[in-house]
Every structure is written in C-alpha cells, then in structure tokens.
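> Pasting the sequence and the predicted model now:
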Amino acid sequence: MHSVWRTSIRFTIVTTVLLGLGYPLLVTGVAGVLFPRKAAGSLILKDGQVIGSELLAQSFTSDKYFHPRPSAAGNGYDATSSGGSNLAQSNKILVDRIQSSIDKLTQENSGKAVPIDLVTTSGSGLDPDITPDAAYFQAPRVAKARGISEERIRQLIEQHITARQFGFLGEPRVNVLNLNLDLDKVGQ
C-alpha cells in the first residue's frame, strides 16, 4: 500500500511538470520562433507606438472611419470583458437595440439593405473584421466625410478583402483597423 501512494504522488508530480509546465513552454517557444508576429499578438505599430492588434476590434465613431461590428464586451470593445450579451432573440432590449441601429444606418444610407454584421455583435464582442458588404455599405459616408470619391474608397476596400482561408474556410472579410490605417494614408 505504501508504494502505491508513493508511485501515485511521483506520477502526479512528473505529469504536472511535463504537461503543465514543459509542454506549454515548448509550444510557446516553438510558436515564438516560427510565428513571432502572431505569437506576440499581431500588434500594429504606428510611429513606433502600439495602436492595436489585428485580432481585436476597436471603437471608431467618426464618420471619417469605417465602423466595426457593435460590441457587447464590457464598456464597448473591452478586451478584459470579452463575451456576448447572452440576450435571447426574443429579448426586448436586444430587439430594440438592433432596430435602433437599423434605423440609424438606414438614414445614413437610405435605399440599401443594412448588412447584418453592422447591427449584431459577435460571440466575443471583439471581432476585428466586417463583411465586404458592411464595408461597401459604409463607403458613401466615409467618402463624403473625407471628401474623397466613393470609387476610391471602394478600391481601398477591395484591396483589404481577405478571401476564405484555403478557399473554403470562413467567409471573405475586411479588417477594420487595417482599412482605417490605410484610409488615413490616402487622406494625407
């Protein structure tokens, strides 16, 4: 009986060290060597300052910028409070918020159907991407606010469309932060 306890304790210590410390450190080290930018959080630098990550949405409210999906993460795009609202489709608060967003966007671009991702949150509330349709929907507002032709804005959107991974995984998407950064370069 005594040797069974001793063996059990040793096995627990060895597996904890190997699988709880060794394996995560090995995988982190390999990722840092093979994919250093991604392992560091896909950070975006501007003039030597970190201004965001390609992986997390940020709030853009000015008409001069493309807007991301709405966020239910904390006080708006709070990475420490990632998560959805957990409101059911029948919840009056959710229905009213979506309808309010639809009404506002319809005034902004009347006659066009509002893309669903401009009025619904993602599961994390921090989705950095929008659909190409959502970007094209916002093009007239951005073009007007910046005094740039809508055609030039559409060309910029086209340059930022990321296709499906391997041709069949996911959906085409546009990273809002990268698009807005390049938009600032056009305006200069």
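Nice, thanks for sending it over. These numbers come from a predicted model, not from an experiment.
> Looking at the protein, which helix is longest?
Ordering each helix of the chain by length in residues (DSSP state H) puts helix 92-108 first.
> Can you list the neighbours in contact with the helix or strand following that one?
Later in the chain than helix 92-108, the nearest helix or strand by DSSP states H and E is strand 129-130. Here strand 129-130 makes contact (CB atoms under 8 Å, 6 or more residues apart in numbering) with Phe66, Pro68, Arg69, Pro115, Asp117, Leu118, Thr162, Arg173, Val174, Asn175, Val176. No exception for glycine: its C-beta is placed from N, CA and C like everyone else's.
> which residue is nearest the centroid of this protein?
In the chain, the centroid-proximal residue (CA atoms, centre = their mean) is Pro128; its distance is 1.8 Å.
> surely that residue meets Phe60?
No. Between Pro128 and Phe60 there is no contact under CB atoms under 8 Å: 11.4 Å.
> can you give me the strands in this protein?
43-46, 49-53, 129-130, 161-162, 173-175 (DSSP state E).
> most tightly surrounded among those?
strand 129-130 (a mean of 25; mean count of other CB atoms under 10 Å).
> Return the list of strands paired to that one, each annotated with direction.
strand 173-175 (antiparallel) (DSSP bridges).
> now the strand it pairs with, how far from the chain's geometric center?
Here strand 173-175 is found 9 Å from its chain centre; the criterion is CA atoms, centre = their mean, to the nearest Å.
> One more: stretch 167-186?
10 Å.
> Also stretch 122-131?
Relative to its parent chain, stretch 122-131 has a centroid offset of 4 Å by CA atoms, centre = their mean.
> buried set for it?
Buried residues in stretch 122-131, counting neighbours by 16 or more other CB atoms under 10 Å, are found at Ser122, Ser124, Gly125, Leu126, Asp127, Pro128, Asp129, Ile130, Thr131.
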